[in-house]
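S.K.: can't give you the sequence, but here's the structure:
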């Protein structure tokens, strides 16, 4: 039932979309119908594959770098009042700056290439992972910390074996949000500086008034985001099934 309802709702949405587009005779260059988009896949399916691979590469590399930076930094901020006081306000200030406003500056600094797009992904997916890590580490039950002290565990052992493990449910909440925002970052980067990728395809197609192809690229982006989100969820079930009963 849990899987049937979303599929049914999606099917109803597609049918209503098709009926509205066809019934009111809306031109495809204004609002392409699902059949118009399906026709794009039928005619040019292989054309989308290289662009999809480029976008996936940007998303996954940027997301991986964000994880590598955010989790250790979040653990450090949560464990040290001095570091939290010194660094966290600066991170919040940086996060308050819209990434889309920084993207052109990043392109000028790094050039219109892969590096600039990856930096945009890192900046946009970094913060939710960081905050979830901080929240999870700080939510470690006090009795577990006291027990580790009695057992003679060092600060590092306590962090790695107790705090990080206790933070897993929170951490995966952050990873799910982070991978979704990484898709947004990848598209923003391709809007600004790219000659390949699904984001570039959206811009290029709309400039040529090929709205069905642009919508086909948008649908692919949405499916990519959903699949990556599910992949993170599957990873949690595979590695830390015990954490699924907790809520972050």
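M.R.: That came in fine, so what should we check first? Remember, predicted model here, so these are calculated numbers, not experimental data. Numbers count the residues shown, from 1 in each chain.
S.K.: all helices for the chain, in order.
M.R.: For the chain, helices defined by DSSP state H occupy the ranges 4-23, 34-79, 81-96, 99-110, 114-138, 142-150, 155-158, 164-166, 168-192, 198-207, 211-239.
S.K.: need those in JSON lines (columns: mean neighbour count and mean pLDDT).
M.R.: Where C-beta positions appear, they are placed from N, C-alpha and C, glycine not excepted. Output for the helices of the chain, formatted as JSON lines (neighbours: other C-beta atoms under 10 Å; pLDDT from 0 to 100):
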{"stretch": "helix 4-23", "mean neighbour count": "11", "mean pLDDT": "88"}
{"stretch": "helix 34-79", "mean neighbour count": "18", "mean pLDDT": "93"}
{"stretch": "helix 81-96", "mean neighbour count": "12", "mean pLDDT": "89"}
{"stretch": "helix 99-110", "mean neighbour count": "16", "mean pLDDT": "88"}
{"stretch": "helix 114-138", "mean neighbour count": "24", "mean pLDDT": "94"}
{"stretch": "helix 142-150", "mean neighbour count": "12", "mean pLDDT": "73"}
{"stretch": "helix 155-158", "mean neighbour count": "13", "mean pLDDT": "72"}
{"stretch": "helix 164-166", "mean neighbour count": "19", "mean pLDDT": "86"}
{"stretch": "helix 168-192", "mean neighbour count": "24", "mean pLDDT": "94"}
{"stretch": "helix 198-207", "mean neighbour count": "20", "mean pLDDT": "92"}
{"stretch": "helix 211-239", "mean neighbour count": "17", "mean pLDDT": "94"}
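S.K.: now for residue 78: which residues touch it?
M.R.: 84, 133, 134, 136, 137, 138, 163 (C-beta atoms under 8 Å, 6 or more residues apart in numbering).
S.K.: how much space between residue 101 and residue 81?
M.R.: 32 Å (C-beta to C-beta, to the nearest Å).
S.K.: in TSV: the contacts of residue 78, plus distance to residue 18.
M.R.: Below are the contacts of residue 78 laid out as TSV (distance: C-beta to C-beta, whole Å):
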residue	distance to residue 18
84	53
133	44
134	46
136	44
137	49
138	49
163	52
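S.K.: which one of those residues is nearest to residue 145?
M.R.: Nearest to residue 145, judged by C-beta to C-beta, of those is residue 163 at 7.9 Å.
S.K.: was I right about that closest one contacting residue 71?
M.R.: No - under the criterion of C-beta atoms under 8 Å, residue 163 is not in contact with residue 71, lying 11.6 Å apart.
S.K.: check contacts around the closest residue to residue 191 other than its chain neighbours.
M.R.: In this structure, residue 191 finds its nearest non-sequential neighbour in residue 199, 5.2 Å apart by C-beta to C-beta, 6 or more residues apart in numbering. Residue 199 makes contact with 55, 186, 187, 188, 189, 190, 191, 221, according to C-beta under 8 Å, 6+ apart.
S.K.: surely residue 34 and residue 14 touch.
M.R.: Yes - here residue 34 lies in contact with residue 14, judged by C-beta under 8 Å, at a distance of 5.0 Å.
S.K.: the residue located most distally from the centre of the chain and residue 157, how far apart?
M.R.: Centroid-distance maximum for the chain: residue 150 at 40.3 Å, with C-alpha atoms, centre = their mean. The gap separating residue 150 from residue 157 is 13 Å, by C-beta to C-beta.
S.K.: residue 211 too?
M.R.: 58 Å.
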